[in-house]
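[1] I would like to see how this sequence folds:
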Amino acid sequence: MFSFITGTIEEKENNLVVLNCNGVGFELNVSETTIYELPNIGEVATLHTYMAVREDAITLFGFATKEEKAVFLKLTSVSGIGGKMAITILSAMPVTNLIDAIVSENIRLLSSVKGLGKKTAERIIVDLKNTFDDLQLSISSNNSISITSNVVEESIETLVAMGLTRFNATQIVKNVAEQEDTTEEIIKKCLKNLSK
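    Numbering: from 1, shown residues only. As a prediction, the model looks like this:
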């Protein structure tokens, strides 16, 4: 019904954004990825949207990019994955890393998402592994190492154990990690980055 909504950001927290569109406040469920990419409260933003209609609720979901919306729709096509769970998965890591995890069959990384068990992670891989060609996303940039690297995964897990969200930990690690780094070296760089 709604393809996108443009409005002034009134609220932005806990996976919810309220956009003021000419005096009407639209409450959208969003991922941490989208929260991270949005401008500050009081500024204008455009979110791509999807409206889920059930017998007991109408829920509006918002996405910073068309690619994130496309991945959301793919996730919700998997049996057992509803809109809220799809948002939780998208909050756990950037879209390109999520696609990489699915394509490379990284069950360990997927099942580490809060509330996502091993069987559901396996189902996501089986159902979606060969469905991302149309998105034409660059899975990993030339300046970053693959998310499937054990060193990168260990670094992210360490930062999550220290209290960072998986999304923030992934962003920081991908920004500082170099091809030959050990886990210790990456963690040192991340801590230095966080203390700035």
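[2] need the helices for the chain, in chain order.
    Taking DSSP state H as the criterion, the chain carries its helices at 32-37, 66-76, 83-92, 95-103, 107-111, 118-128, 150-161, 166-176, 183-194.
[3] got those as JSON lines, with mean pLDDT columns?
    Shown next, in JSON lines, are these (pLDDT from 0 to 100):
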{"stretch": "helix 32-37", "mean pLDDT": "88"}
{"stretch": "helix 66-76", "mean pLDDT": "93"}
{"stretch": "helix 83-92", "mean pLDDT": "93"}
{"stretch": "helix 95-103", "mean pLDDT": "85"}
{"stretch": "helix 107-111", "mean pLDDT": "88"}
{"stretch": "helix 118-128", "mean pLDDT": "92"}
{"stretch": "helix 150-161", "mean pLDDT": "82"}
{"stretch": "helix 166-176", "mean pLDDT": "80"}
{"stretch": "helix 183-194", "mean pLDDT": "86"}
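[4] Tabulate those helices (CSV), appending mean neighbour count.
    The C-beta positions use only the backbone N, C-alpha and C, and glycine is treated the same way. Formatted as CSV, these follow (neighbours: other CB atoms under 10 Å):
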stretch, mean neighbour count
helix 32-37, 20
helix 66-76, 19
helix 83-92, 22
helix 95-103, 23
helix 107-111, 18
helix 118-128, 17
helix 150-161, 18
helix 166-176, 20
helix 183-194, 16
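[5] Quick one: closest of the ones you listed to residue 3.
    helix 66-76 (9.6 Å; CB to CB).
[6] Using CSV, write out the CA atom coordinates for the closest one.
    Output of helix 66-76 as CSV, limited to C-alpha atoms (Å, rounded to 0.1, in the frame of the first residue of the first chain):
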residue,chain,number,x,y,z
LYS,A,66,15.4,-0.8,-1.2
GLU,A,67,18.0,-3.6,-0.7
GLU,A,68,17.2,-3.9,3.0
LYS,A,69,13.5,-4.0,2.2
ALA,A,70,14.1,-6.7,-0.5
VAL,A,71,16.0,-8.9,2.0
PHE,A,72,13.3,-8.4,4.6
LEU,A,73,10.7,-9.7,2.1
LYS,A,74,12.9,-12.7,1.4
LEU,A,75,13.3,-13.4,5.1
THR,A,76,9.6,-13.2,5.8
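[7] Show me the contact partners of that helix.
    31, 33-34, 48-50, 52, 61, 63, 81-83, 85-87, 89-90, 95, 98-99, 124, 128, 131-132, 134-135, 137 (CB atoms under 8 Å, 6 or more residues apart in numbering).
[8] Check stretch 18-38 too.
    Outside stretch 18-38, the residues touching it (CB under 8 Å, 6+ apart) are 5-13, 15-17, 45, 47, 49, 59-65, 68, 83-84, 87, 90-91, 94-95, 165, 167-168, 171.
[9] Ok, stretch 115-122 next?
    Contacts of stretch 115-122 (CB under 8 Å, 6+ apart): 78, 80-81, 85, 88-89, 107, 110-111, 113.
[10] Not counting its neighbours along the chain, what's nearest the most centrally placed residue in the chain?
    Centroid-nearest residue in the chain, with CA atoms, centre = their mean: residue 90, separated by 2.9 Å. Distances taken as CB to CB, 6 or more residues apart in numbering place residue 31 nearest to residue 90, at 3.8 Å, with adjacent residues excluded.
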